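> Turn this into a model:
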Amino acid sequence: MSIFDDIDRMIRRWQKFFEEIERQIDEEIRQMSGQQYRGGSRPRFYYYGFEMTIGPDGKPIVKEFGNIRGRREGSGIEVVDEIEPLTDVVEDDGKIRVVAEMPGVDKEDIKVRLSEDNKVLIISASGKDRKYYKEIPLAGACGPQ
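All right, here's what the predicted structure looks like:
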C-alpha cells in the first residue's frame, strides 16, 4: 500500500464529511432564516480546514481545525461555538513553541494555561464575534512524565 492509497482514502472520507456539512448547513439555514442566532444576535460562523503533512514514518498526518467536527459516535457532524484554531507545536532546545492562528481577537483576550498535571496546554480566547478553544497534549514534549 502506498502513500497515495492513504491520501485517496482520506480524500474520499473528507468528501463524505463535506457533503454532510453542506447538508447540515442547508438545513440550519432553512430553520434559522429570519431568526436570530441561538447565542445572541450575531450570525453563526462555519469554519473547517485541515493541514496535511508527512510524518517521519512516511504516512500522512492530518490536523483538522475549525468549529465543525464529526460526532464521536460517527454519525453526522456538530457545529460548536468555539473554533479550534490551527496550531503548530515546535520543540527546539528543550523549549516548546506554540503558534495558534486566532484572527479576530486581541492579544489581551487570549488566555493560556496548563492542566493540573502539566500535560495539556489549554488556549482560549473570546473576541467580539468569535471564540477559540484548543487543548494541546504535551506528552513527551516536557521531559519525563
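> if I look at the closest residue to L114 other than its chain neighbours, how far off is R97?
In this structure, L114 finds its nearest non-sequential neighbour in L121, 6.1 Å apart by CB to CB, 6 or more residues apart in numbering. In short, each C-beta sits where N, CA and C put it, glycine included. As judged by CB to CB, to the nearest Å, L121 and R97 stand 11 Å apart.
> Specify which residue of these two has the higher count of neighbours.
Using other CB atoms under 10 Å as the criterion, L121 and R97 rank with L121 on top: 21 against 9.
> quick one: average pLDDT of the helix or strand that one falls within?
Assigned by DSSP states H and E, L121 falls within strand 120-126. For strand 120-126, the per-residue pLDDT values average out at 93.
> on contacts alone, who are the packing partners of that strand?
Helices and strands touching strand 120-126, by 3 or more CB pairs under 8 Å, 6 or more residues apart in numbering; DSSP states H and E, are strand 95-100, strand 110-114, strand 131-137.
> Can you give the contact residues for the shortest one?
So that's strand 110-114. 102, 120-125 (CB atoms under 8 Å, 6 or more residues apart in numbering).
> try it again with 10 Å
98, 100, 102, 120-127, 132-133, 138, 142 (CB atoms under 10 Å, 6 or more residues apart in numbering).
> Top of those residues by number of neighbours, please.
Top of the contacts of strand 110-114 by neighbour count (other CB under 10 Å): Y132, with 25 neighbours.
> I figured that residue was touching I122, is that so?
No: if you go by CB atoms under 10 Å, Y132 and I122 don't touch, sitting 11.1 Å apart.
> Got phi/psi on the residue positioned nearest the centre of the chain?
In the chain, the residue lying closest to the centroid (CA atoms, centre = their mean) is F65, at 2.5 Å. Note on F65: backbone dihedrals following degrees, to the nearest 10 are phi -150, psi 160.
> What is the burial count for the closest residue to it other than its chain neighbours?
Excluding its sequence neighbours, the residue lying closest to F65 (CB to CB, 6+ apart) is L86, at 4.2 Å. L86: 18 surrounding residues under other CB under 10 Å.
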